[in-house]
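Asker: A predicted structure for the sequence below; I have some questions about it.
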Amino acid sequence: MRKRRVVILGASGSIGQSALKVAKDIPERMEVVGLSAHRNAEVLAAAAADFPSARCVRTDGPDGMERLIELATLPEADLVLIAIVGTAGLKPALAAIEAGKDIAVASKEILVMAGEAVMAAAKKSGVSVLPVDSEHNAIFQCLEGRDISTVRRLILTCSGGPFRHTPRHEFDSITPERALRHPTWQMGRKITIDSATLFNKALEMIEAKWLFGIPIGQVEVIVHPQSIIHSMVEFVDGSTLAQLSRSDMCFPIHYAVTWPDRVPNSLRPLDFAELGRLDFEVPRRTDFPALDLAVVAGTKGGTLPAVLNAANEVAVEAFLGGRIRFPKIWEIVARVMEDCPHSEHPDLEKLIETDRGARELASRLVVA
């Protein structure tokens, strides 16, 4: 069986830490050869002690991007796990692809901002783009060996976040502390707020379009509060396949690293009698408009998904800093999407320029 030599970009975050657990669990299949962290020197030092042969770098200095790219193109690596929050992973991801490395993508923003460019580069280099998000990893497993033309719908499941039953008139009083209490997953601050607004699912809809080559109109969302079914694929004959496991990011990371094989691990399997039931609800799209904004961005394409992503990042940071109310996150994103100049089939320079412009506009709206 093949052993993967893996670089983990973002080793100190929740995804990076789960990846290190997987590496310890299946050392015969996963060798960590490179690790990066931005500021958390203690966590990086602990990881370095566990994996002494791995090259470790901090990226909080002025040469941080150069260090990331150097790590992403290590000659001995064959898989690069992009677990960096935000768009900072885009250039390393493209560098890894150009160097002939497979990439495992945990950062939604990469494919939202530059999905067309990333997937085209991967095709040109003959490398694989492996999804690590639990939802896309689930779809990846359900689609294994099947033609996308046989698919009627991709159905992304959604926990609904902490406010799925909160009345809309109470949204103005939501504090960052409340929004950070996710009912199912333990994640970083930004992605936890995205789960509360459903922008996390909005980004995933656009990501699915590029990963699986399907129109965004065939990507739907269903609320599933137990987060046991991670996503489903409905085929043209009416059959639906689903992937289920406990809410633990080690499962999709394990599959991405060992794909296309199925390899034993120490992760706890499901006990269906213990679960008892699985529930589903229609998302409250009017109260949580992120999903409809994703459809607009994913349908129009071009630079608009990058605009949505950039504006959301600025708005989330402002909310966490106590500078805007919770509902203004959606308002800022919608306004920036309306006002930001649009380009079709942008190159990387245009995407970076658009990202910068969208952030500047969103920042002005924060203080307006």
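Answerer: The structure has been received and is ready for your questions.

Asker: C-alpha coordinates for stretch 335-351, PDB please?
Answerer: Extracted C-alpha coordinates of stretch 335-351, given in PDB (Å, rounded to 0.1, in the frame of the first residue of the first chain):
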ATOM      1  CA  ARG A 335     -24.000  45.600  -1.100                       C
ATOM      2  CA  VAL A 336     -20.400  44.800  -2.200                       C
ATOM      3  CA  MET A 337     -21.700  42.200  -4.700                       C
ATOM      4  CA  GLU A 338     -23.900  44.900  -6.200                       C
ATOM      5  CA  ASP A 339     -21.300  47.600  -6.300                       C
ATOM      6  CA  CYS A 340     -18.000  45.900  -7.100                       C
ATOM      7  CA  PRO A 341     -16.900  45.800 -10.800                       C
ATOM      8  CA  HIS A 342     -17.300  42.400 -12.500                       C
ATOM      9  CA  SER A 343     -15.000  40.500 -14.800                       C
ATOM     10  CA  GLU A 344     -15.600  37.200 -16.700                       C
ATOM     11  CA  HIS A 345     -12.900  34.500 -16.700                       C
ATOM     12  CA  PRO A 346     -10.400  36.500 -14.600                       C
ATOM     13  CA  ASP A 347      -6.800  35.500 -14.300                       C
ATOM     14  CA  LEU A 348      -5.000  35.400 -11.000                       C
ATOM     15  CA  GLU A 349      -4.000  39.000 -11.000                       C
ATOM     16  CA  LYS A 350      -7.500  40.200 -11.700                       C
ATOM     17  CA  LEU A 351      -8.800  37.900  -8.900                       C
END
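
Asker: how about the helix ranked longest in the chain: buried residues?
Answerer: The helix spanning the most residues in the chain, taking DSSP state H as the definition, is helix 348-367. Within helix 348-367, the residues that qualify as buried by neighbour count (16 or more other CB atoms under 10 Å) are 351-355, 357-359, 361-363, 365-366. (Each C-beta comes from the backbone N, C-alpha and C, glycine too.)

Asker: what packs against it?
Answerer: Here helix 348-367 touches helix 108-125, helix 304-320, helix 328-339, going by 3 or more CB pairs under 8 Å, 6 or more residues apart in numbering; DSSP states H and E.

Asker: pretty sure Val243 sits against Cys142.
Answerer: Just so we're on the same page, residue 243 is Gln rather than Val. Yes - checked against CB atoms under 8 Å, the pair Gln243 and Cys142 is within contact range at 5.8 Å.

Asker: what sits in contact with each of these two?
Answerer: In terms of CB atoms under 8 Å, 6 or more residues apart in numbering, Gln243 and Cys142 are both contacted by the residues 231-232.

Asker: distance from the strand or helix carrying Arg152 to the middle of the chain?
Answerer: Here Arg152 sits within strand 151-158, counting by DSSP states H and E. On the basis of CA atoms, centre = their mean, to the nearest Å, strand 151-158 sits 16 Å off its chain's mean C-alpha point.

Asker: show me what that strand pairs with in its sheet, parallel or antiparallel.
Answerer: On the basis of DSSP bridges, the sheet neighbours of strand 151-158 come out as strand 219-223 (parallel), strand 229-235 (antiparallel).

Asker: can you pull the pLDDT of the residue nearest the centre of the chain?
Answerer: Taking CA atoms, centre = their mean, the centroid of the chain lies closest to Lys108, which sits 3.0 Å from it. pLDDT, the model's per-residue confidence, is 86 for Lys108.

Asker: same deal with Thr184?
Answerer: We have a pLDDT of 76 for Thr184.

Asker: that one: how many residues sit nearby?
Answerer: Using other CB atoms under 10 Å, Thr184 has 16 other residues around it.

Asker: list the residues that contact it.
Answerer: Shown here is Thr184, whose contacts under the criterion CB under 8 Å, 6+ apart are 159, 225-227, 247.

Asker: same thing but at 10 Å, please
Answerer: Applying CB atoms under 10 Å, 6 or more residues apart in numbering, we find Thr184 in contact with 159-162, 195, 224-228, 247.

Asker: CSV for these, including distance to Ala77, secondary structure and pLDDT?
Answerer: Supplementary listing: those in CSV, determined by distance: CB to CB, whole Å; DSSP: H, G, I helix; E, B strand; the rest coil; pLDDT from 0 to 100:
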residue, distance to Ala77, secondary structure, pLDDT
Ser159, 33, coil, 93
Gly160, 38, coil, 93
Gly161, 35, coil, 92
Pro162, 38, coil, 94
Ser195, 31, helix, 94
His224, 36, coil, 97
Pro225, 38, coil, 94
Gln226, 36, coil, 94
Ser227, 32, coil, 93
Ile228, 33, coil, 97
Ser247, 29, coil, 92
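
Asker: dump the buried residues of helix 348-367 to TSV, plus pLDDT.
Answerer: Output for the buried residues of helix 348-367, formatted as TSV (pLDDT from 0 to 100):
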residue	pLDDT
Leu351	93
Ile352	92
Glu353	95
Thr354	96
Asp355	95
Gly357	97
Ala358	98
Arg359	97
Leu361	98
Ala362	98
Ser363	98
Leu365	97
Val366	96
